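next input, structure requested:
(4 chains)
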Number of protein chains: 4
Amino acid sequence: MRVGLLTGGGDVPGLNAAIRAVVKRGEGEHGHSVVGFRNGWKGLADGDVMPLTRQHIRNVLASGGTLLGTARYHPHADDGGLDAVLATLEAERIEAVICIGGDGTLHAASKVAEAGVRVVAVPKTIDNDVWGTDRSIGFDTAVTIATEAVDRIHTTAESHNRVMIVEVMGRHAGWIAATAGIAGGAEVVLAPEEPFDIDRIVRFLQHRHRAHASFSIVVVAEGAVPARGTSMSYETQVGRFGEIVAGAIGERLGAEIAERTGFDTRVTVLGHVQRGGTPTPADRILGSRFGVAAIDAVTAGESGVMTALRGEDVVLVPLADIAGKVKQVPADLLETARALA
Amino acid sequence: MRVGLLTGGGDVPGLNAAIRAVVKRGEGEHGHSVVGFRNGWKGLADGDVMPLTRQHIRNVLASGGTLLGTARYHPHADDGGLDAVLATLEAERIEAVICIGGDGTLHAASKVAEAGVRVVAVPKTIDNDVWGTDRSIGFDTAVTIATEAVDRIHTTAESHNRVMIVEVMGRHAGWIAATAGIAGGAEVVLAPEEPFDIDRIVRFLQHRHRAHASFSIVVVAEGAVPARGTSMSYETQVGRFGEIVAGAIGERLGAEIAERTGFDTRVTVLGHVQRGGTPTPADRILGSRFGVAAIDAVTAGESGVMTALRGEDVVLVPLADIAGKVKQVPADLLETARALA
Amino acid sequence: MRVGLLTGGGDVPGLNAAIRAVVKRGEGEHGHSVVGFRNGWKGLADGDVMPLTRQHIRNVLASGGTLLGTARYHPHADDGGLDAVLATLEAERIEAVICIGGDGTLHAASKVAEAGVRVVAVPKTIDNDVWGTDRSIGFDTAVTIATEAVDRIHTTAESHNRVMIVEVMGRHAGWIAATAGIAGGAEVVLAPEEPFDIDRIVRFLQHRHRAHASFSIVVVAEGAVPARGTSMSYETQVGRFGEIVAGAIGERLGAEIAERTGFDTRVTVLGHVQRGGTPTPADRILGSRFGVAAIDAVTAGESGVMTALRGEDVVLVPLADIAGKVKQVPADLLETARALA
Amino acid sequence: MRVGLLTGGGDVPGLNAAIRAVVKRGEGEHGHSVVGFRNGWKGLADGDVMPLTRQHIRNVLASGGTLLGTARYHPHADDGGLDAVLATLEAERIEAVICIGGDGTLHAASKVAEAGVRVVAVPKTIDNDVWGTDRSIGFDTAVTIATEAVDRIHTTAESHNRVMIVEVMGRHAGWIAATAGIAGGAEVVLAPEEPFDIDRIVRFLQHRHRAHASFSIVVVAEGAVPARGTSMSYETQVGRFGEIVAGAIGERLGAEIAERTGFDTRVTVLGHVQRGGTPTPADRILGSRFGVAAIDAVTAGESGVMTALRGEDVVLVPLADIAGKVKQVPADLLETARALA
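Numbers count the residues shown, from 1 in each chain, chains lettered A, B, ... in the order given. Just a heads-up that it's a prediction; the model follows:
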């Protein structure tokens, strides 16, 4: 059997582990041949194919990014895109497609599956907001990087009596903010799940600095917004691809806090460092397990499903079940962040 | 309410996060006062008490070890031990005990609970073999350290055409071996769950080195043993406290492989570095969540239970349910390790 | 003898190693008692004194920041500042002062020494631009953090065919830019030492992307500026304390390159993460050696001097020799960065 | 001009940075073509040649090991070895050789140079004991790894009231032991430079544990030995290639201290992890600068010289000047280690 493989959307650490697993398991256990499409669905539509053998996946397990390249392109949203996909698959005699990606890619996967292609998807996103799985590839590494940054900023905040704002990724869900906030010991965590009240934050910081401490760390997700009817108005700023403009809420929040409290306030925007570099062991293992599960699934004839982590187990969930849903941070985790501030 | 807190057994990274969470949540939300016992159950039996306020837990979140100290002592196994525990609790007017530890501490916790004390336990062990919870505190950090070591050894193995043996911890379960083996791309993973056949390993290495590769990495858990009836006999060497003698199986395995294959073979025994140092974000978060759950549980009147991670949730499980059980690595994870070799 | 110790200017990793060394060596070898001034020269002027014994320096070797706190205040620039310093020293019966700091602190040190106080200085700055010493405390850690960021951004640049701009610290000298640029394999390094020509950069990137590569990394020091007479005009933006506004040149450069090339261009501003967190071994060792050398120097009656690294040796150099000088990156190191692009 | 390049002796992190620099600078600036010899001098004698172009050095800057492979073979010590070297060079029309290695390789380089070949050497060794240069490639990474291990062991030592022995590399010189000892805050540092007196160590530990502390860390170089006439006799154990048997002195020392003090004593042997993995920025920069300097030197007609770091500068030193010399740790650095214990 010939199996096609692609990575779509933003790159995250752990993609190469999944690619490697698909190839090793596919070649070794199942005797498949695996081919890669360059730059996501675009490569599948354009017939931009590369061979993927054991040769090509040497020494990639610990490397970030994706050896296949990636792009933001969705065949169902492009005129003639689905036909081009079908044409490539026929020309290359590819019987099944494994796609690794986030919301956009998963949605495209369900559309391509509906068009009659055997498709199994693997979830990746540093935002960890894909419904139906405890974890997506890339999240653990992003949290590790964000926590390390908060650790570093902690020591400089303490030495200088400052309020430090750290903006992390998370458009629709505050997973990185909540977990890096807990792990880094942040005083305030702001996530999209719970619009914030700037007055309460200001009162909290003033009380804290008056009472005992001389510094505070505020971790804010890029998608956090003030609650309606509170004394700060703000609309999320969005770029060309629907991505949030890095630094917008962080800078704004820093300006508000500085003005309202008079405290020396500094802003750090983590940005792209959160999605690059050597994956953590957890992301390599998750990528490896998802890769094995995906190639096993297509071999077993599955289609229109996504690999998912549930507790200790890797399972398959129908793409139909997760469509349109966003996995947000549960209230008790945000409460833990608050309790430990 | 006065709550006592202790850490027992071997230290692991993430204990201080749990201690901090108990104190912050206990003081802040519940208005309790928390006291610590030095050096585990020994301190509780001896009345070796220290105050634990917000002052004492500053800057401990990212630090390894335990600020309370720890020791291997079990009151129920010591003549008069339980009485001493009860005496201390009465003298100090302590109404509930939270204990953080591994198998030994959890067993002691159930005995102390049976003696009428309100006890909630928190599982920690780098071996990850506590039944009833997906993860125990310390495991993620240990895997991270072990994987980093395998990564390092990988480059030197490759440059020198060698077989490198890496011995990691894991007495009854091969969690570190399996996960660091997958994450580090090891060629062979040996775990206590599946006694190994040295002849198969030797044949595999010979085939691999003949076919294409010029180096191999073997990750072996300290508790791994050869299968009965195979051509290598070996009995696990155990020290004073029932702990496995570090390096014993690793060195032996290295000698066997060197002799049988003639390959240049080197052994690295990771040892204590696996249990020290800055905890990963995952261990800080797990420690923090378990600490919050434990103090909430004693406040709610729970006793004889352990905090546990199940998927995304922290739950309570009766200590009675986990007694005498060891959580071993499931066959499919060991199979994944093999598939990706 | 009673010796006073302070840290001034921005905090850097490795300060605590120096503080620890002054105390350990001072108490242990020389029998001195050491006291600390809180928040730099301000604490010395205000008499804000804290005891510094072996107790206070436990577990600080690997921690970032400064346990003494720091501030930007210079007694000679403040009316009555020098008198206040002298008054504190007399009241506290302090015979010598060790100050750890950057340009501002070193200048203040020479002024205080001229006023008759025995003063020995220790250089710290992540910018590494203090004249007379191969290295200042904090530089190695900053380079390590910046390189790690470039490594991370490398993988994401490669996966997405982008030009990535990374702005690092370095107002008057491009040490971090040059070294992190070489270590991270950047295609373009821009430092204050050599004003740049945007047209040449654009031509280089266009050629590179046309020829073979699909991504590029530009590392720019915050103090880099375009050469006069070239097609981009820009003036360095400076904040209240004379510090450069973070992100200003990086954002501007990103906008210019995006407009002129049409390439997808992203900007990351490292900011405060560069100056925080666990010091590298090299910074701990440098801090330790400088601390020992400084306390030995005041004991020997030296004054108006600074500890300095010269090759393998720690020596003393007169503060008068370094006044007004900036150690810039030598042309051959910038040439190496270019040669390896 | 055709230039040959090889790496000899044990692998260290930073070799690939040097290889990359030779190729980039050789191709780009000088228009040379560079070829590699596989597995050190053996490949040069056997004519085992591989092309080395910009293609081959992609993404190697941050990788450990050597892409050329390495081996312990010295042509002058092998019958007909030098003739084979000359034959290969003639057959391949190679006009100059750059060799990167430690003592053995440098010695071989001088012999090959004497035979009329244009040879420039680059020093690498994690032991840092090559005479004539402040630093050799690999040392900074090894110290970083060793310090991280000491940091980790620190927390577990503290929690358990133990004496922890950490054996690090260093046969003839204790550079890693001294620097990782200072950086990690070890209580005792044992180096080959100063044979130790076990009685003094035991007295020191007993005093320390009685007085105030409950744990101690001893860092011992593999080449450390007891002083003659003291109460412990020991002879360094050496393997086939003259390398010291890992763990021998560490285990022996642990047994002696345990027996003489009765303290709970544990031994960790770092072993091969010290020489693998991602090089630190300092080693990548040193490798890059040495690589550039070496190719510039052969181009300029230099021969029989070695690149060397002196303060901030890279210079050339005659191989004749360094022959037979070992750069040991200066007494003042060992004194600093003692002062800060």
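
use CA for all of it now, contacts and neighbours both
Noted.

longest helix of chain A?
helix A:139-160 (DSSP state H).

just the CA trace of that one, in CSV.
C-alpha atoms of helix A:139-160 as CSV (Å, rounded to 0.1, in the frame of the first residue of the first chain):
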residue,chain,number,x,y,z
PHE,A,139,1.9,21.7,23.6
ASP,A,140,4.3,20.3,26.1
THR,A,141,7.3,21.9,24.4
ALA,A,142,5.6,25.2,24.2
VAL,A,143,4.7,25.1,27.9
THR,A,144,8.3,24.2,28.7
ILE,A,145,9.7,27.1,26.8
ALA,A,146,7.1,29.5,28.2
THR,A,147,7.9,28.3,31.8
GLU,A,148,11.6,28.8,31.3
ALA,A,149,10.9,32.3,30.1
VAL,A,150,8.8,33.0,33.2
ASP,A,151,11.5,31.5,35.4
ARG,A,152,14.1,33.9,33.8
ILE,A,153,11.8,36.9,34.1
HIS,A,154,11.1,36.0,37.7
THR,A,155,14.7,36.7,38.8
THR,A,156,14.9,40.0,37.0
ALA,A,157,11.5,41.1,38.3
GLU,A,158,12.5,40.4,41.8
SER,A,159,15.8,42.3,41.5
HIS,A,160,14.1,45.4,40.2
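
what number of residues lie near A:Arg93?
As a burial measure, A:Arg93 scores 13 neighbours (other Cα atoms under 10 Å in any protein chain shown).

who's in contact with it?
For A:Arg93, the contact set (Cα atoms under 8 Å, 6 or more residues apart in numbering or on different chains) comprises A:Arg2.

can you pull the pLDDT of it?
Per-residue pLDDT puts A:Arg93 at 97.

where does it land in three-state SS?
With DSSP: H, G, I helix; E, B strand; the rest coil as the basis, A:Arg93 sits in coil.

what do you get for A:Val60?
coil.

so it makes contact with A:Ile19?
No - contact between A:Val60 and A:Ile19 fails when scored by Cα atoms under 8 Å: they sit 9.0 Å apart.

leaving out the residues flanking it, which one is nearest to the residue of chain A found nearest chain B?
As assessed by Cα to the nearest Cα, chain B sits closest to A:Gly311 within chain A, at 3.7 Å. Spatial nearest neighbour of A:Gly311, excluding adjacent residues (Cα to Cα, 6 or more residues apart in numbering or on different chains): B:Gly311 at 3.7 Å.

quick one: contacts for the one you found?
Contacts for B:Gly311 (Cα under 8 Å, 6+ apart) come out as A:Asp134, A:Arg310, A:Gly311, A:Glu312, B:Asp134.

and the pLDDT for the second one?
At A:Arg310, the predicted lDDT confidence score is 96.

repeat that for the last one.
Here the pLDDT value assigned to B:Asp134 is 97.

what's the spacing between it and B:Ala109?
In this structure, B:Asp134 and B:Ala109 are 20 Å apart, going by Cα to Cα, to the nearest Å.

the more surrounded of those two?
B:Ala109 (32 against 17).

and for the helix or strand containing the more buried one, what's in contact with it?
Using DSSP states H and E, B:Ala109 sits within helix B:103-114. Residues outside helix B:103-114 that contact it (Cα under 8 Å, 6+ apart): B:8-9, B:74-76, B:82, B:99-100, B:119-123, B:130, B:303-304, B:319-320, B:323.

my guess is A:Val119 meets A:Ala300, correct?
No - if you go by Cα under 8 Å, A:Val119 and A:Ala300 don't touch, sitting 11.8 Å apart.

which of the two has more neighbours?
Shown here are A:Val119 and A:Ala300; by other Cα under 10 Å, A:Val119 has more neighbours (28 against 9).

how about the CA coordinates for the strand or helix carrying the more buried one, as CSV?
If you go by DSSP H and E, A:Val119 is part of strand A:118-123. Provided in CSV are the C-alpha atoms of strand A:118-123 (Å, rounded to 0.1, in the frame of the first residue of the first chain):
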residue,chain,number,x,y,z
ARG,A,118,-9.1,7.3,3.2
VAL,A,119,-7.8,9.9,5.7
VAL,A,120,-6.5,9.6,9.2
ALA,A,121,-5.6,12.8,11.0
VAL,A,122,-3.1,13.5,13.8
PRO,A,123,-3.7,16.6,16.0
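
so that strand versus helix A:103-114, what angle?
Using axes from the mean of the first three to the mean of the last three Cα atoms, to 10 degrees, the inter-axis angle of strand A:118-123 relative to helix A:103-114 is 170 degrees.

re earlier: gap between the residue nearest to A:Gly311 and chain D?
With distances taken as Cα to the nearest Cα, to the nearest Å, B:Gly311 is found 29 Å from chain D.

give me the neighbour count for A:Val225.
24.

got phi/psi on it?
Main-chain dihedrals, A:Val225, degrees, to the nearest 10: phi -140, psi 150.

let me see the mean pLDDT of stretch A:154-162.
Per-residue pLDDT over stretch A:154-162 has a mean of 80.

and it, does that touch chain C?
Yes - residues of stretch A:154-162 contacting chain C under Cα under 8 Å from any Cα of the partner chain: A:His154, A:Thr155, A:Thr156, A:Glu158, A:Ser159, A:His160.

now swap in stretch A:2-14 and tell me
Yes - Stretch A:2-14 is in contact with chain C by Cα under 8 Å from any Cα, via A:Gly10, A:Asp11, A:Val12.

dump that stretch to CSV, restricted to CA.
The C-alpha trace of stretch A:2-14 is given here as CSV (Å, rounded to 0.1, in the frame of the first residue of the first chain):
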residue,chain,number,x,y,z
ARG,A,2,1.2,3.5,-0.7
VAL,A,3,0.4,6.0,2.0
GLY,A,4,0.8,9.8,1.6
LEU,A,5,1.8,12.0,4.5
LEU,A,6,1.6,15.7,5.0
THR,A,7,1.9,18.4,7.8
GLY,A,8,-0.3,21.4,7.7
GLY,A,9,-0.7,24.7,9.6
GLY,A,10,2.0,26.2,11.8
ASP,A,11,5.0,24.0,12.6
VAL,A,12,5.4,22.7,16.1
PRO,A,13,8.1,20.5,17.8
GLY,A,14,7.3,16.8,17.6
